[in-house]
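>>> I would like the atomic coordinates for the input below:
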Amino acid sequence: MLTMERLLLCVMLAISMAVRAQICPKRCVCQILSPNLATLCAKKGLLFVPPNIDRHTVELRLADNFKMTSLHTLSLDHNMLDYIPEGTFSLLQKLNRLDVTSNKLQKLPPDPLFQRAQVLATSGEMTPSSFALSFGGNPLHCNCELLWLRRLKREDDLETCATPEHLSGRYFWSISEEEFLCEPPLITRFSHEMRVLEGQRVALRYELLSEIH
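Got it, this is the predicted structure:
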């Protein structure tokens with residue numbers, strides 16, 4: 001016979017599983033990665049991004065669905081993102097608004113999505129050649145890897161740099177291109193001299209100290 005505590009625990013687990021089953025978007029498969037969630041919606045014939053994605057979702061797969069290529073607006077704000085691979089948005093040819101504010105991004109990749117835009121707009125007025133990009137609230141590392149972004153035409157906004165130290169707190173768009181620098185790598189340790197015969201293999205080890213993040 002079940003004790004009251006075990007019975008209560010079973011009831012709570014059943015309720016939790018029922019709630020999880022209800023919040024999973026239609027056609028998608030949700031996997032519990034306690035306490036988070038993976039929402040798998042790839043190859044489901046979706047015409048739009050599901051509107052009822054659970055806030056505990058840490059992995060969302062939407063590949064190989066219809067009109068995704070017709071996406072106009074994508075909001076990824078407040079998601080604790082710390083990295084966006086280059087080419088992530090390259091197939092979204094109709095995307096003209098991207099919001100990645102308040103994440104943990106140190107840099108943005110030089111994606112063709114941004115580079116095809118003549119103007120990065122901050123106002124509500126959009127033209128066929130403009131692109132609305134919001135990326136404030138990120139700990140930007142303002143070195144040569146962000147120089148491509150600084151070179152784009154932009155209505156002045158309030159994004160700031162977090163690092164390197166001499167640029168910390170300065171407005172991104174007020175910094176000159178010459179200040180977006182990368183320190184050359186510095187070899188701090190390397191292998192001792194080694195002698196091998198022609199055709200033999202040798203492994204060389206070294207460590208680099210660099211400001212490139």
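
>>> so in this protein, where's the weakest helix or strand by average pLDDT?
For the chain, using mean pLDDT, DSSP states H and E, the weakest element among its helices and strands is helix 4-23, scoring a mean of 49.

>>> OK, contacts around the residue nearest the centre of the chain?
Compute the mean C-alpha point of the chain, and by Cα atoms, centre = their mean the closest residue is Ile84, 3.3 Å away. Contact partners of Ile84, counting by Cβ atoms under 8 Å, 6 or more residues apart in numbering, are 100, 105, 108-109. The way it works is simple: take the backbone N, C-alpha and C, and place the C-beta from them, glycine included.

>>> now do Leu37
Taking Cβ under 8 Å, 6+ apart, one finds 20, 30-31, 54, 56-59 in contact with Leu37.

>>> look up phi and psi at it.
phi -140, psi 140 (degrees, to the nearest 10).

>>> what are the bridge partners for it, then?
Counting by DSSP bridges, Leu37 forms beta bridges with Ile32, Thr57.

>>> any idea how far the closest residue to Asn103 other than its chain neighbours is from Lys104?
For Asn103, ignoring the flanking residues on the chain, the nearest one in space by Cβ to Cβ, 6 or more residues apart in numbering is Leu81 at 4.1 Å. Separation of Leu81 from Lys104 (Cβ to Cβ, to the nearest Å) stands at 6 Å.
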